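Colleague: Make a model of this:
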Amino acid sequence: MRASGGRRGEDREDEHVSGDERNSSRPVRPPTRARSHLFGPVPDAGSPFPPSARRVGTVTTAPQLTLAEVEAIAREAHANQTDKAGRPYAEHLAAVADGVRKRGGSDEQIAAAWLHDAVEDDALTRQWLDGAALPQSVKDMVLAVTKRDGESLPSYTARILATPGALLVKESDLAHNADPARLAVLEPATRTRLTAKYAQVRGLLGLTDGS
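Modeller: Residues are numbered from 1 along each chain as shown. The predicted model follows:
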């Protein structure tokens with residue numbers, strides 16, 4: 001499903017979510033919490049660097065975001081977006097992330113699942129993503145599943161297939177978008193159109209009916 005306020009065209013792959021506000025102009029800050037360093041090493045206990053930084057060679061860098069922080073950022077960024085049933089859009093993000101987890105996905109893939117609609121829906125900017133303290137693999141997956149204006153489905157799905165880890169994220173996204181309970185709230189014509197489109201995308205991605 002598509003989130004509110006940010007879609008720029010009618011050719012998006014998943015487009016049955018509506019809402020009323022765009023959030024890209026609102027700064028999103030990660031919450032203050034203990035870091036578990038899911039994406040990077042924990043600094044040595046005796047390190048002269050503060051907890052907010054770690055050393056890579058001779059360069060001091062900020063630690064990467066934890067999975068809990070990524071979730072919090074995604075929830076805040078999409079806070080004012082709802083689906084057409086009036087449900088908070090974060091419920092879709094949580095379902096996709098949970099689907100990735102249940103399918104054996106890595107922490108990086110789960111992080112990408114939380115952020116999979118952020119750029120496409122203008123909830124977060126591409127500039128934010130480029131500068132975020134995230135593994136490059138997470139950024140690559142998010143961009144792979146971000147459908148571009150005017151992009152054909154074959155081009156879109158080819159990019160997903162060419163990006164390590166992205167297929168599982170999209171598989172989980174499609175599974176939740178095609179959930180009969182979500183589709184049931186749509187007008188019959190819209191439901192029929194989207195069901196056919198999801199099936200087409202699955203076919204282009206080589207996903208079986210049981211995926």
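Colleague: for the protein, what spans make up the strands?
Modeller: For the chain, the strands defined by DSSP state E occupy 54-56, 59-61.
Colleague: Give the rounded mean pLDDT of the first one.
Modeller: Averaged across strand 54-56, the pLDDT comes to 41.
Colleague: Which residue, other than its chain neighbours, is closest to residue 204?
Modeller: residue 157 (4.0 Å; C-beta to C-beta, 6 or more residues apart in numbering). Any C-beta I mention is one placed from the backbone N, CA and C, and that applies to glycine too.
Colleague: what about that neighbour, how many residues close to it?
Modeller: 23 (other C-beta atoms under 10 Å).
Colleague: So it sits against residue 207, correct?
Modeller: No - contact criterion C-beta atoms under 8 Å: residue 157 and residue 207 do not qualify, at 10.0 Å.
Colleague: which residues do these two both contact?
Modeller: Common neighbours of residue 157 and residue 207, using C-beta atoms under 8 Å, 6 or more residues apart in numbering, do not exist here.
Colleague: Now tell me which helix or strand of the chain has the poorest mean pLDDT.
Modeller: Ranked by mean pLDDT, DSSP states H and E, the weakest helix or strand in the chain is strand 54-56, scoring a mean of 41.
Colleague: sorry, back to before: if I look at the residue nearest to residue 204, what pLDDT would I see?
Modeller: According to the prediction, residue 157 has pLDDT 98.
Colleague: try residue 190
Modeller: 87.
Colleague: What distance do you get for it to residue 183?
Modeller: 9 Å (C-beta to C-beta, to the nearest Å).
Colleague: So for these two, which residue has more residues nearby?
Modeller: Using other C-beta under 10 Å, the more surrounded residue of residue 190 and residue 183 is residue 183, with 17 against 14.
Colleague: How about the more buried one, nearest residue that isn't a chain neighbour?
Modeller: Leaving aside its sequence neighbours, residue 183 sits nearest to residue 191 (C-beta to C-beta, 6+ apart; 5.0 Å).
Colleague: ok, now how distant is residue 138 from residue 101?
Modeller: Counting by C-beta to C-beta, the separation of residue 138 from residue 101 is 15 Å.
Colleague: swap in residue 113?
Modeller: Residue 113 is 8 Å from residue 101, where distance means C-beta to C-beta.
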